[in-house]
Structure formats: structure tokens, C-alpha cells
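Participant: Please work out how this folds:
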Amino acid sequence: MTMGAGRAVGAGTPPYMSPEMFKEPERAMYSTDLWSLGVSLFEMVTGALPFQAESDQLYSVAIAGKMDEPAASVLDKLPDDRRSKFDHNLARVISQALEKYVLERFHSVDEMHDAVYACLIDRGEAVYSVFISYRVATEMPLARLLFDCLNHTVTPGGHRVTVYLDHARLVKGQDWEEGFASGLLHSLCFFPLLSYGATAPLADIPADRKDKIIAFGWEERPAGRKRLRGETGDAEDNLLKEFTIAVSLLERKQGPTQNGDNLNTRRRAYDRGEDGLVIDEAELEVAYPILVGRPCPLGHSRYPGMGEFFPVQAGGGRYPDKPSPASAAAAADFLRRRAGFNRDASETAKMRTVTTTMKSLTALQGCKLWDIPTDVNGVELSKEQKDLIGRGYAGPPVDIEDPVLSVLSPE
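Facilitator: As a prediction, this is how the structure comes out:
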């Protein structure tokens, strides 16, 4: 209990006491306990208290003296490697429990319980800032690096950035459609990583030039995948499906529908498709391609650095000037059932050629990465890491910590 001017002004442990406990302890109720729980959660997550003071008496000033100064977010108190992976929803729960004004906190114990429980069973966001698209076999290190650099950072305008990356957000075993529905449809920005390893499997090598192209150093099966030919024998390619869906969503967002009305202002009159699946209103506003140079091969004077991306035309091949049937059909079906495209619009997406999709992405303003250092902080590359880079896969070795990227706008 603390005393002031001969009267009791509160009871409890000062760092855990709510503002009203310092000001009007006789009016304290369950909301005070929710505040204390919020302090405990903050301390469990960060190892520190949300408010600091040099004495018990000064805690009344730190907590109750400046009512318009909110508690810090737990995200601002975590180191970068933990911040990027911390659940944004749980951070919001803790912040709401630490609202200084009682009416802005949870309105009941059950409400806070439900909010915490939801964090345990659903780690998704209503809207993400960024969706990172990459080929797992080749770009996982770069994708994870971007995720760690961007997720939960704050923009100059004060907006918290949330990033969708499947390794951090998807339940193991969840199929591609649920990932696209959760992430791509609910993200504002689309960041495709376009590298040799990502794009070469989408491009066919002409039969009359195959021997020459292979002898020049290009691979017949880049990233271990059979190249697409735009024929019925093509396997479904998740990256091409992502690209097709994203480009189709952006074009629909920016252009008029067949009725002449724009989807930015039109409200959908239904929320479920013909098969009962929920139809989501796409949030996607912009795509920002990240062009990644091909690592120089073993023996090259710049090995293991990266060369330029731009002279690389589809990994030695040519993008088919026709749809890849399996991927196009899957993307069109997704757009119709999950994004509310009518049949005509989904058929248009189904007829989109690989060439058109790739030109649509590479024509956009983006950035390029090259010369990613792979000997950062004096770390020596293992033979396996050198072999991985020597095969032409983009991205720094997984074991390298804190690599520094050179990022420039295209000239």
C-alpha cells in the first residue's frame, strides 16, 4: 500500500497497478486485474516491465500521470529475430489489456480469454501488408531474410508492417489453396522473388537449341524441376499459379468490370461460392518484383557473388507463348471459387500465357539484388554451401547469419 497526504491511494505491487488503482482505488474492479495480467504477459514476453520508474512512488507518475502516453508495444521491445516471428494478434491483446482508460480495455474477463485463445488456434491476420512469393527450393533463404527484416517493423507513417510467409504462417500440411486464400487475397502488396531458380522452370528450351544452351551452362531441369512447355504434360507449378492469381487480381482491381463498374466501389452481394467456400474480397493493391541475380559459378572471378538478373532471359529458355494448362486451370478455378471472379473473367485468366504473366510482373517498378556477400562476419562457407551456390541457386546459405543485401532501384 502506498500513502499520500495521510490517505491510502492504492494497494498492490506498484509496477503491476492500473492507473485507476493510483487515482481512485475504491472504484477498482475486474478491469484492474486485466491490466495486471497484461503487465505479466508483457513481462513474460519481453523480460521487462511496460513502465519503468526508479521508486514505487514514481510508478504513480509513470503509469497514471500521463494518461495519453500508451504503453509500449511488446513488438518494440523484442530483438529483431524474435520480433519478426511474434504473433501480431497476441501483441494487440497485450496492448489492449494495457490501455490506460478503462473503457478501452477488454470489457470482460471472457472477452480477454477469447482473444488470447484465438491467438493459440489462429495466427492469421485480417489484412497483411506484404505477401512474399518465392520458390521454396531456391529462394527460401532470401524469403526468410526479407520476412525477418520487414515483419512487425513500423513505416515512417506509423503503420505496423505484417508479412505473410508460408513457413511462419501456414499449418504444416495445409494445401496451397488455403495458403493463397489466407495470404495472397488478404495482402496489400505482392513481393515476388524473381531469380534464375524461380523463373527458369517456367521457360522451355527450344529443341533445336537444346544442346547449345545446355553446353553454355543452362540447366535442363533447373531447381530439379521439369521445364514448362505450355502443354498438357506440364506439372502444376505453385509459383506460376501465384503469379497468375496476383496479376489477375491487380488487373481486376485497377480496371472496370464487364458492367463498367469498378471493384473498388462495388460491393459483392454474396459471400459464398457455389461449393459453399467463403469468397474473399481481395485486398491486393500493388506488386513489387524483386529481381535476383544468378550466383556466379565455381571458378568465376566473382564467385560466390551474384551476377546481374537482367541479361538472364528465362534461364536460357523461352516462356511459352501459351498457357500451361494445369497451372492455368487451377489458378482460374481458385479465382472463380475464392475471389469472386465470374466465369468469363476466370476463363480470361485461364487463357493467360506464361509469357504474358511474366512480362506483366517484370514490367513493374521493383528492385534488384546482386552481390549478396556469403562470407559475412568472417564465416567460412562449407563445401555443401559452395556446391549449392555453384549450381546456380539464388540466395545466401541458410547457416549464414545477418547477411547484408545490396538493394538498388532499376536504372
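Participant: Pass me the low-pLDDT residue ranges in the stretch 301-411 of the chain, would you?
Facilitator: 302-315, 370-411 (pLDDT under 70).
Participant: try 80
Facilitator: Applying pLDDT under 80 to the stretch 301-411 of the chain picks out residues 301-316, 368-411.
Participant: Quick check: what element follows the helix or strand harbouring residue 148 along the chain?
Facilitator: Counting by DSSP states H and E, the element that carries residue 148 is helix 136-150. The C-terminal neighbour of helix 136-150 among helices and strands, as given by DSSP H and E, is strand 163-164.
Participant: For the helix holding residue 148, enumerate the helices and strands it packs against.
Facilitator: On a contact count with 3 or more CB pairs under 8 Å, 6 or more residues apart in numbering; DSSP states H and E, helix 136-150 meets helix 80-83, strand 128-133, strand 163-164, helix 166-169, strand 187-194, helix 196-199, strand 290-292. In this view, the C-beta of every residue, glycine as well, is placed from N, C-alpha and C.
Participant: Now the terminal residues of stretch 144-162, how far apart.
Facilitator: End-to-end distance for stretch 144-162: 14 Å, by CA to CA, to the nearest Å.
Participant: mind checking how far that stretch is from the chain centre?
Facilitator: 9 Å (CA atoms, centre = their mean, to the nearest Å).
Participant: All further residue positions should be reported with the first residue as 874.
Facilitator: Taking 874 as the first residue, the last one we looked at is stretch 1017-1035.
Participant: Pull out the buried residues from it.
Facilitator: Buried residues in stretch 1017-1035, counted by 16 or more other CB atoms under 10 Å: 1017, 1018, 1019, 1020, 1021, 1023, 1024, 1025, 1026, 1033, 1034, 1035.
Participant: Which of these lies at the shortest distance from residue 985?
Facilitator: residue 1033 (20.9 Å; CB to CB).
Participant: Which residues are in contact with the residue nearest to that closest one when sequence neighbours are not counted?
Facilitator: Spatially, and ignoring its direct neighbours in sequence, residue 1033 is nearest to residue 1027 (5.9 Å; CB to CB, 6 or more residues apart in numbering). The contact partners of residue 1027, taken as CB atoms under 8 Å, 6 or more residues apart in numbering, are 949, 1033, 1034.
Participant: next one: residue 908
Facilitator: Here residue 908 is in contact with 889, 890, 891, 970, 971, 978 (CB under 8 Å, 6+ apart).
Participant: The first one reaches residue 913, doesn't it?
Facilitator: Yes - Residue 889 is within contact range of residue 913, at 7.2 Å (criterion: CB atoms under 8 Å).
Participant: quick one, which of the two is more surrounded?
Facilitator: residue 889 (21 against 14; other CB atoms under 10 Å).
Participant: Can you report how many residues neighbour residue 1069?
Facilitator: Once other CB under 10 Å is used to define contacts, residue 1069 is seen to have 26 neighbours.
Participant: correction: residue 965
Facilitator: There are 17 residues near residue 965, going by other CB under 10 Å.
Participant: now the one 3 residues further on
Facilitator: Here the neighbour count serves as a burial measure; for residue 968 (other CB under 10 Å) it reads 18.
Participant: other SSEs contacting the helix or strand containing it?
Facilitator: If you go by DSSP H and E, residue 968 is part of helix 961-970. If contacts are counted by 3+ CB pairs under 8 Å, 6+ apart, helix 961-970 sits against helix 903-919, helix 982-994.
Participant: just to revisit the earlier point, save the buried residues of stretch 1017-1035 as a markdown table, and put in pLDDT and distance to residue 1204 too.
Facilitator: Output for those, formatted as a markdown table (pLDDT from 0 to 100; distance: CB to CB, whole Å):
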| residue | pLDDT | distance to residue 1204 |
| --- | --- | --- |
| 1017 | 82 | 25 |
| 1018 | 82 | 28 |
| 1019 | 86 | 24 |
| 1020 | 86 | 24 |
| 1021 | 82 | 29 |
| 1023 | 88 | 26 |
| 1024 | 85 | 27 |
| 1025 | 84 | 30 |
| 1026 | 86 | 31 |
| 1033 | 84 | 31 |
| 1034 | 88 | 27 |
| 1035 | 87 | 25 |
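Participant: can you redo the residues you listed as a markdown table with distance to residue 905?
Facilitator: Listed next are these as a markdown table, based on distance: CB to CB, whole Å:
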| residue | distance to residue 905 |
| --- | --- |
| 1017 | 42 |
| 1018 | 43 |
| 1019 | 42 |
| 1020 | 38 |
| 1021 | 37 |
| 1023 | 37 |
| 1024 | 33 |
| 1025 | 29 |
| 1026 | 33 |
| 1033 | 28 |
| 1034 | 33 |
| 1035 | 31 |
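Participant: Out of those, which is nearest to residue 1172?
Facilitator: Nearest to residue 1172 among the buried residues of stretch 1017-1035, with distances taken as CB to CB, is residue 1018, at 26.6 Å.
Participant: and the gap between the nearest residue to residue 1163 once chain neighbours are set aside and residue 916?
Facilitator: Distances taken as CB to CB, 6+ apart place residue 1066 nearest to residue 1163, at 5.2 Å, with adjacent residues excluded. Distance of residue 1066 to residue 916, computed by CB to CB, to the nearest Å: 38 Å.
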